[in-house]
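Peer 1: Curious how this folds, go ahead:
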Amino acid sequence: MQCPSCQNTDSRVLESRAADGGRSVRRRRECLNCDFRFTTYERVENVPITILKRNGSRETFSRSKLINGLTRACEKTCIGTNKIEVMVDELELRLQQTNVREVNSAEIGEMVLEQLKEMSEVAYVRFASVYRQFHGISDFVATLEAIKTSKGELATVR
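Peer 2: The predicted structure is shown next:
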């Protein structure tokens, strides 16, 4: 680490502590050349994930856009803001852990639906109606039948 005062590269760490809720490390350093004290922060660098849209365009993954969509789908359900935040955190972590930097929007939508199906059928249908671009009542009925069938299979397995 280069000293901001004398540009020497030799320094020692005096103190380290977590910052930003554990997302970074704050270090107090002292230059071994001029005794100048300074603070540095270490953060994990996340490589941006590109989303391939249905229309062929590319867009950088937007956490806030996903949270907004989930918030609308989860209105007046048992799923609160904290659960939505955790769900998006987990999804973002899964995406960061893959070696792929371009992901189809369809894959992300299916990951979200997979989680919503376990949490709330209402939120699942709301999100699916936008994500899968429902065109009429028949699309809603087909989705509801699929949920009913999968719930019936789960009941016979238990």
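Peer 1: so where is this protein shaky, pLDDT-wise?
Peer 2: Where the chain drops to pLDDT under 70, the residues are 151-158.
Peer 1: for it, what spans make up the strands?
Peer 2: 11-19, 24-31, 37-43, 50-52, 58-60, 102-104 (DSSP state E).
Peer 1: and the last one, what other elements does it pack with?
Peer 2: By that I understand strand 102-104. strand 50-52 (3 or more Cβ pairs under 8 Å, 6 or more residues apart in numbering; DSSP states H and E). To be clear about C-beta, it is placed using only N, CA and C from the backbone, and glycine gets the same treatment.
Peer 1: quick one: strands adjacent to the strand it packs on?
Peer 2: strand 58-60 (antiparallel), strand 102-104 (parallel) (DSSP bridges).
Peer 1: Show me what the last one is in contact with.
Peer 2: Okay, so that is strand 102-104. 49-52, 58, 61, 95 (Cβ atoms under 8 Å, 6 or more residues apart in numbering).
Peer 1: cool, stretch 53-68 as well?
Peer 2: 48-52, 84-85, 88, 91-92, 95, 102-103, 105-106, 108, 112.
Peer 1: Could you do stretch 130-140 as well?
Peer 2: So stretch 130-140 is contacted by 69, 73, 109, 112-113, 125, 128-129, 143 (Cβ under 8 Å, 6+ apart).
Peer 1: before we move on, back to that, and the strands paired with strand 50-52 as TSV, adding mean neighbour count and distance to A18?
Peer 2: Shown next, in TSV, are those (neighbours: other Cβ atoms under 10 Å; distance: least, Cβ to Cβ, whole Å):
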stretch	mean neighbour count	distance to A18
strand 58-60	10	28
strand 102-104	13	30
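Peer 1: Once you drop chain neighbours, what's closest to the residue most central in space within the chain?
Peer 2: Centroid-nearest residue in the chain: E92, 2.8 Å away (criterion: Cα atoms, centre = their mean). Spatial nearest neighbour of E92, chain neighbours left out: R63 (6.3 Å); criterion: Cβ to Cβ, 6 or more residues apart in numbering.
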